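Peer 1: need a 3D model of the sequence below.
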Amino acid sequence: MKRTMPRFLSLSAALVTAMFASTTVAGETADAEGCARQFEVAQRVDMESFRDYDAETFRAGHDDRAVSIFASGAAFYGIEAIMKALASHFATREAQWSWVEKYRVVDGCKSAYILYETVYAIPRIGYRARALTGVGYTHKGDHWLAVSDQGTALPP
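Peer 2: This next block holds a predicted model:
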């Protein structure tokens, strides 16, 4: 019995360790899948809030330290500066914003990046700009926040 008990305990310890290891991996996978689903919603809300002139929702989806770099090269640091730069968009409510997703990567519950081909048009004045727009996100607490976006102009 003395010889069997240590072997039994060793096997039991190995089994418990394996169970916890598989639970951790399964839990991390489940968390990553949940975060990916959560990201799907967050990025859609981000894009739609801009399209729909919902400044409060747009602001809430950004980290206070976010940076925005327009296709023109103008850079705005912090959500307050970004909101100031976008004030006319939210106030005049005449621009048409559309996008097509080109690329996405979600790193579990840590960070995500998405690339869109975008069109920003103001038909009244004949303005139309195409760009590749990349948006970086961080997972903070239990939600995603945009931390950076950068546009690169494309030919009309």
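Peer 1: can you name the residues that contact Gly34?
Peer 2: Cys109 (Cβ atoms under 8 Å, 6 or more residues apart in numbering). From N, CA and C alone the C-beta is placed, and that goes for glycine too.
Peer 1: please, where are all the helices along the chain?
Peer 2: For the chain, applying DSSP state H gives helices covering 4-51, 55-60, 79-85, 87-92.
Peer 1: for the longest one, the averaged confidence score.
Peer 2: The predicted model assigns helix 4-51 a mean pLDDT of 65.
Peer 1: please renumber the chain so that the first residue is 27 from this point on.
Peer 2: Sounds good: first residue 27 from here, last item helix 30-77.
Peer 1: list the beta-bridge partners for the residue nearest in space to the middle of the chain.
Peer 2: Centroid-nearest residue in the chain: Tyr163, 3.6 Å away (criterion: Cα atoms, centre = their mean). In this entry, Tyr163 is beta-bridged to Ala138, Ala172, by DSSP bridges.
Peer 1: same question, Val145
Peer 2: Ser124, Arg156.
Peer 1: so how many other residues sit close to it?
Peer 2: 16 (other Cβ atoms under 10 Å).
Peer 1: next: the one 4 residues further on.
Peer 2: The number of residues packed near Pro149 is 10, by other Cβ under 10 Å.
Peer 1: alpha carbons of stretch 93-112, as CSV, please.
Peer 2: Extracted in CSV, the C-alpha atoms of stretch 93-112 (Å, rounded to 0.1, in the frame of the first residue of the first chain):
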residue,chain,number,x,y,z
VAL,A,93,-4.7,59.6,-31.6
SER,A,94,-6.2,60.3,-35.0
ILE,A,95,-4.1,61.0,-38.1
PHE,A,96,-6.1,62.2,-41.1
ALA,A,97,-5.1,61.4,-44.7
SER,A,98,-3.9,65.0,-45.0
GLY,A,99,-1.3,64.3,-42.3
ALA,A,100,-3.0,66.4,-39.6
ALA,A,101,-2.6,64.6,-36.3
PHE,A,102,-4.9,65.0,-33.2
TYR,A,103,-3.8,63.7,-29.8
GLY,A,104,-6.4,62.8,-27.2
ILE,A,105,-10.1,62.4,-27.5
GLU,A,106,-10.8,66.1,-26.8
ALA,A,107,-8.6,67.2,-29.7
ILE,A,108,-10.2,64.5,-32.0
MET,A,109,-13.7,65.6,-31.1
LYS,A,110,-12.8,69.2,-31.8
ALA,A,111,-11.3,68.3,-35.2
LEU,A,112,-14.5,66.3,-36.0
